[in-house]
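A.B. asks: Model the following, please.
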Amino acid sequence: MWQEPTRRQFLQAAAAAGVMGLAGAGCQGPARQGPRTALVSPGCRRSKVRVARLILGRPEAAWPTPALDLEQEVARYRKHMASMPDAFADVDFAVDELVTKPEQAAGLKERLREVDGILAIHLSMGIWNLMPPLLETGRPTVLFAAPYSGHEWTSFGQWMAGEQGARLDCLLTSDLDQLAVAVRPFRALHHLREAKILNLTARNFQGFAGAMKEAFGTDIVKLDRDRVLAAYEAVPEEAARAEARWWIDHAEKVVEPSREEIFKSARLALAMHRLLEDEQATVFTVDCYGTMWRKLPAYPCIGFVRLNNMGLGGICESDLQSAMTHILFQGLAGRPGFISDPTMDLSRDSIILAHCLGTPRMDGPRGPAAPYRLRTIMERREGAVPQVRMRKGQKVTQAKLIGHDRLLCFTGEVTDTPDLPRGCRTKITVRVDGDAERLWRNWSHGLHRVTCYGDLTDDLRRFCRFAGVEFVQEA
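C.D. replies: Modelled structure (predicted):
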């Protein structure tokens with residue numbers, strides 16, 4: 001059972017946590033340190049992604065050359081992956097073998113069923129009968145094949161189209177850095193399975209929660225308002241004042257909110273983080289425009305942004321579909337999502353994505369921070385929220401996981417960051433890749449989409465393939 005912390009316990013925890021600042025290596029305010037790498041969610045439930053690294057080759061094969069030294073090739077691949085510590089910091093190569101015989105591959109099947117995914121590296125011709133035992137495990141598998149590794153690539157498409165091919169994807173490239181890309185879908189599946197979402201609402205969402213648990217392993221649990229209020233009252237005033245001062249000092253400007261409003265928002269932010277810690281959860285969402293409107297001491301916006309900056313998750317309006325998408329983006333890219341209310345501008349082939357809440361660390365917890373101002377929520381003319389100026393010229397991906405079996409997606413480039421007294425505070429204009437008119441004509445499943453920095457189309461396609469989710473390119 002959760003117990004209200006004493007003042008001394010809370011201060012000790014805050015001291016042990018350290019200080020995070022947007023201008024430095026952390027996130028903000030008097031809070032615990034962020035993840036060791038931008039790819040690892042710092043939730044208490046964190047565990048490493050278990051990957052099987054299987055390097056496939058036959059001695060004295062004709063291609064790339066009969067003189068190929070397999071052990072030397074194995075060492076070359078392992079050395080290159082070791083040179084990218086951030087990309088693999090959360091990966092446990094639970095099975096790590098050079099496989100040269102079918103019976104050897106077959107003998108690994110039981111061990112392979114315990115991993116999140118299989119990274120198979122093609123060294124030489126003659127791996128035809130090494131792959132079937134791997135695919136028979138049903139584990140997501142990415143086959144990496146550099147040029148000259150053999151002629152088997154001519155059959156990779158047939159393997160993917162075959163009965164067991166739904167769990168296979170291939171990377172045909174000389175770029176060894178793509179080995180880090182290969183493990184991203186495994187990480188995303190792992191993050192979804194490890195994730196726990198706290199939902200502060202009076203609504204019933206058990207049907208959706210049950211479907212997510214069955215499909216991905218994600219826990220979504222209801223949070224009681226009285227417990228949040230107790231956690232709020234347990235936050236020492238001096239800790240909340242320090243958090244509020246940090247937000248004020250690092251803002252370009254405080255436009256509307258009073259210092260007292262920022263203080264209450266900061267106190268609620270610390271309470272939200274404490275509840276995540278107590279529940280070993282990773283994402284917090286509040287029905288802030290519904291059953292919890294004006295039933296909390298402050299709006300949760302600063303708390304949401306604080307969690308997003310840390311590599312955790314803060315999600316507006318109890319939008320559980322966006323919460324799942326946010327976790328997916330973090331798993332694939334180590335970066336948070338920006339939930340938005342879009343509006344179209346077809347004269348510029350663009351969509352304007354707007355929400356009052358903006359996250360400065362859209363590049364991830366260890367990336368550069370965007371400038372922000374402290375504003376009120378536009379529609380309500382109350383509360384305190386960071387209005388963030390994102391980066392022009394940035395490629396972005398918008399997506400939304402619909403239920404457990406469909407993902408909507410489009411990409412574009414940020415061309416403007418409007419600062420107008422219309423729409424929500426934080427805004428980006430995105431020139432749509434493809435057909436903007438097709439995008440709005442086919443728009444479905446509500447208003448929100450989740451935006452992440454970078455073109456993650458291929459990563460999302462791979463995830464969908466492995467998760468049995470239909471991938472829909474909206475534009």
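A.B. asks: where does the protein dip in pLDDT?
C.D. replies: Across the chain, the ranges flagged by pLDDT under 70 are 1-46.
A.B. asks: out of all of them, which strand in this structure is the longest?
C.D. replies: The longest strand of the chain (DSSP state E) is strand 406-416.
A.B. asks: What are the buried residues along that one?
C.D. replies: By neighbour count on 16 or more other C-beta atoms under 10 Å, the buried set for strand 406-416 is Leu407, Leu408, Cys409, Phe410, Thr411, Gly412, Glu413, Val414. To be clear about C-beta, it is placed using only N, CA and C from the backbone, and glycine gets the same treatment.
A.B. asks: Look up how far Thr429 lies from Thr100.
C.D. replies: 55 Å (C-beta to C-beta, to the nearest Å).
A.B. asks: no wait, Gln206
C.D. replies: 39 Å.
A.B. asks: Those two: which is more packed in?
C.D. replies: Per other C-beta atoms under 10 Å, whichever of Gln206 and Thr429 has more neighbours is Thr429, with 20 against 10.
A.B. asks: how near is that one to Phe329?
C.D. replies: For Thr429 relative to Phe329 (C-beta to C-beta), the value is 21 Å.
A.B. asks: now do Phe410
C.D. replies: In terms of C-beta to C-beta, Phe410 sits 14 Å off from Phe329.
A.B. asks: Show the end-to-end separation of stretch 374-389, please.
C.D. replies: 12 Å (C-alpha to C-alpha, to the nearest Å).
A.B. asks: Show me what counts as buried in it.
C.D. replies: Across stretch 374-389, burial judged by 16+ other C-beta under 10 Å covers Leu374, Arg375, Thr376, Ile377, Met378, Gly383, Ala384, Val385, Pro386, Gln387, Val388, Arg389.
A.B. asks: likewise stretch 436-444?
C.D. replies: Under the neighbour-count criterion of 16+ other C-beta under 10 Å, stretch 436-444 has Ala436, Leu439, Trp440 buried.
A.B. asks: and which of those is nearest to Pro66?
C.D. replies: The closest of the buried residues of stretch 436-444 to Pro66 turns out to be Leu439 (C-beta to C-beta; 53.4 Å).
A.B. asks: where's the closest one, which helix or strand?
C.D. replies: Element membership for Leu439, per DSSP states H and E: helix 436-441.
A.B. asks: And that helix, what does it pack against?
C.D. replies: Counting contacts by 3 or more C-beta pairs under 8 Å, 6 or more residues apart in numbering; DSSP states H and E, helix 436-441 packs against strand 338-345, strand 350-355.
A.B. asks: mind redoing it with 10 Å?
C.D. replies: strand 338-345, strand 350-355, strand 406-416, strand 426-432 (3 or more C-beta pairs under 10 Å, 6 or more residues apart in numbering; DSSP states H and E).
A.B. asks: measure the spatially most central residue of the chain to Leu307 for me?
C.D. replies: With distances taken as C-alpha atoms, centre = their mean, Gln330 lies nearest the centre of the chain, 1.2 Å away. Computed with C-beta to C-beta, the distance linking Gln330 and Leu307 is 11 Å.
A.B. asks: circling back to that earlier point, could I get the helices and strands packed on helix 436-441 as TSV with distance to Gly217?
C.D. replies: Output for the helices and strands packed on helix 436-441, formatted as TSV (distance: least, C-beta to C-beta, whole Å):
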stretch	distance to Gly217
strand 338-345	23
strand 350-355	28
strand 406-416	17
strand 426-432	32
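A.B. asks: out of the ones you listed, nearest to Ser124?
C.D. replies: Closest approach to Ser124 among the helices and strands packed on helix 436-441 (C-beta to C-beta): strand 406-416, 36.3 Å.
A.B. asks: Now do the closest one against strand 350-355: the angle between them, please.
C.D. replies: Interaxial angle of strand 406-416 relative to strand 350-355 (axes from the mean of the first three to the mean of the last three C-alpha atoms, to 10 degrees): 100 degrees.
A.B. asks: now strand 406-416: how far from the chain's centre is it?
C.D. replies: Offset of strand 406-416 from its chain centre (C-alpha atoms, centre = their mean, to the nearest Å): 16 Å.
A.B. asks: ends of stretch 295-302, how far apart?
C.D. replies: By C-alpha to C-alpha, the extent of stretch 295-302 from end to end equals 17 Å.
A.B. asks: Now find how far off-centre it is within its chain.
C.D. replies: 24 Å.
A.B. asks: Stretch 351-367 too?
C.D. replies: Relative to its chain's centre, stretch 351-367 lies at 13 Å (C-alpha atoms, centre = their mean).
A.B. asks: measure that stretch end to end?
C.D. replies: Distance across stretch 351-367, first residue to last, is 26 Å (C-alpha to C-alpha).
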